[in-house]
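**Q** got a structure for you, letters missing:
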Ligand SMILES: CC(C)(COP(=O)(O)OP(=O)(O)OC[C@H]1O[C@@H](n2cnc3c(N)ncnc32)[C@H](O)[C@@H]1OP(=O)(O)O)[C@@H](O)C(=O)NCCC(=O)NCCS
């Protein structure tokens, strides 16, 4: 069930006096990570967007957060007045158990989303920088992600040093050396 409500549905009118805090995730953040997973996968608005429950029930989607807490799992939460507004995380995968964006088992794959009322305010950039910094401190050599070619998020990833690594047709695998 989706749980958080942002001042009746919108943070925007309050944004100028709100301070975004970044912190490492806790076990209790898993429901919010699921919300952000839904936003990350089904980012296109429109009739084809499944319901939250349906979308997260797809095996290819639900596996992204299955057994959260495995070695190396790392997530950052952005919050305003203790209300989570965005999340980004990376996880290691294997040749036999991987998600979109996978390159190899040494390269964790990033997933990111910001609550729709809080986008384009720099939150996504800050969370990506947090993950890159954390990866650097933990001897991660590379990070990867998947990006649809028509998602403006590609610009964000390029600005942060990610480069197109594999062209998959309508999406790229992008990689950043740490
Ligand atoms: C992609 C996402 C995580 C970015 O987070 P954000 O907080 O909105 O990003 P930022 O405000 O830090 O913006 C970073 C850059 O992204 C691009 N960008 C962000 N919002 C944009 C918009 N509405 N239109 C065009 N470009 C945009 C710009 O290049 C921006 O840089 P700039 O501010 O210097 O122009 C967020 O928009 C989101 O959750 N989108 C839906 C889920 C999704 O698509 N996830 C990624 C799947 S690959």
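**A** Thanks, I have the structure now. Please read all numbers here as calculations on a predicted model, not as lab measurements.

**Q** What sits closest to residue 114 if chain neighbours are left out?
**A** Among residues not flanking residue 114 along the chain, residue 86 sits closest, at 3.8 Å (C-beta to C-beta, 6 or more residues apart in numbering). Just so you know, the C-beta spots here come from the backbone N, C-alpha and C atoms, and that holds for glycine as well.

**Q** element containing the one you found?
**A** In the assignment (DSSP states H and E), residue 86 maps to strand 83-91.

**Q** Which strands or helices does the next helix or strand after that strand pack on?
**A** Per DSSP H and E, the first helix or strand lying C-terminal to strand 83-91 is strand 109-114. For strand 109-114, the packing partners by 3 or more C-beta pairs under 8 Å, 6 or more residues apart in numbering; DSSP states H and E come out as helix 30-41, strand 83-91, helix 123-137, strand 142-148.

**Q** how about those, which one is nearest residue 109?
**A** Residue 109 lies closest to strand 142-148 among the helices and strands packed on strand 109-114, at 5.4 Å (C-beta to C-beta).

**Q** The helix or strand harbouring residue 77 pairs with which strands, parallel or anti?
**A** If you go by DSSP H and E, residue 77 is part of strand 74-80. Listed by DSSP bridges, the sheet partners of strand 74-80 and their directions read strand 20-24 (antiparallel), strand 83-91 (antiparallel).

**Q** Quick one: those strands as JSON lines, columns for mean pLDDT, mean neighbour count and distance to residue 156 too.
**A** JSON lines is the format used below for these (pLDDT from 0 to 100; neighbours: other C-beta atoms under 10 Å; distance: least, C-beta to C-beta, whole Å):
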{"stretch": "strand 20-24", "mean pLDDT": "96", "mean neighbour count": "14", "distance to residue 156": "16"}
{"stretch": "strand 83-91", "mean pLDDT": "97", "mean neighbour count": "24", "distance to residue 156": "11"}
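
**Q** Adding distance to the ligand, write those out as JSON lines.
**A** Formatted as JSON lines, the strands paired with strand 74-80 follow (distance: least, C-beta to the nearest ligand atom, whole Å):
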{"stretch": "strand 20-24", "distance to the ligand": "10"}
{"stretch": "strand 83-91", "distance to the ligand": "6"}
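
**Q** of the ones you listed, which approaches residue 102 most closely?
**A** With C-beta to C-beta, the closest approach to residue 102 among the strands paired with strand 74-80 belongs to strand 83-91: 9.9 Å.
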